[in-house]
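Visitor: Sequence isn't available, so here's the structure alone:
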């Protein structure tokens, strides 16, 4: 392992993207590389139970790979391998459980949304995209005024890789500081469901805003992605391309493993 570690780049992503096989000590290589290179992941201030670690693993497992860059999703997968190893090892030290939870939290928080490819126009004249007034930065701060209104359910799928189908009814109702529907309420930068309130993690780029529930003891994991009109997407509803003429919200419910697409 010492020879392998000396060849590994000191940068965090390169270390974690290493193979996740088990080294001679019985610890997954991804974790060993964290420790040998003195990479510091903030230590837990409160001991994590295996029940909490199991819930965090469940949340990480439900995250949709299609919405994130390959490198950052690979980081998550490697931290997930380590966390599962810790969780399945009887009599393992408490510091190791805390360590696995910290690394898995890091794996979730560092996720970066995938940038959809932008097609070049065939004609000489520029292609006009629909104009949107959605302000993703304001939404991230809890100001929903730019997405206020009623969003209509246009497609549903079972499982993160299921086929989107139309024909179901539903809506999201968004006020200036509150979003409600689909089994949740978001306000004051927290998500509320049948099990209480949960902190939200965000990832933002110039094309979309993704929001996740990050509390490892949350019974339900959630993922919501807001895409303004004109943003390329890979949605096919009933086998037909959805298009970019509407503002869209993608909602993942980890309890029943369903995907819902709403349009405004």
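Guide: That came through, no problem. None of the values given here were measured: they were computed from a predicted structure.
Visitor: Which other helices and strands does the strand or helix carrying residue 199 contact?
Guide: Assigning secondary structure by DSSP states H and E places residue 199 in strand 196-204. Taking 3 or more Cβ pairs under 8 Å, 6 or more residues apart in numbering; DSSP states H and E as contact, the helices and strands that strand 196-204 lies on are helix 136-140, strand 190-193, strand 209-213. For glycine as for every other residue, the C-beta is placed from the backbone atoms N, C-alpha and C.
Visitor: Domains in this protein, by residue range?
Guide: Taking automatic domain parsing as the reference, the chain has its domains at 2-109, 136-263.
Visitor: can you redo those as JSON lines with mean pLDDT and mean neighbour count?
Guide: Formatted as JSON lines, the domains of the chain follow (pLDDT from 0 to 100; neighbours: other Cβ atoms under 10 Å):
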{"stretch": "domain 2-109", "mean pLDDT": "71", "mean neighbour count": "17"}
{"stretch": "domain 136-263", "mean pLDDT": "89", "mean neighbour count": "17"}
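Visitor: Show me what the host helix or strand of residue 78 packs onto, helices and strands only.
Guide: Taking DSSP H and E as the criterion, residue 78 maps to helix 70-87. Applying 3+ Cβ pairs under 8 Å, 6+ apart, we find helix 70-87 packed against helix 12-16, helix 29-36, helix 50-62, helix 94-109.
Visitor: What helices and strands are in contact with the third one?
Guide: Counting contacts by 3+ Cβ pairs under 8 Å, 6+ apart, helix 50-62 is packed against helix 70-87, helix 94-109.
Visitor: Any chance of the ones you listed in TSV with distance to residue 180 as columns?
Guide: Converted to TSV, those look like this (distance: least, Cβ to Cβ, whole Å):
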stretch	distance to residue 180
helix 70-87	29
helix 94-109	25
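Visitor: which residues of the stretch 101-250 of the chain fall in strands?
Guide: Using DSSP state E, counting those that start in this stretch, the strands of the stretch 101-250 of the chain run over 149-158, 171-175, 178-181, 184-187, 190-193, 196-204, 209-213, 222-227, 236-237, 240-241, 248-253.
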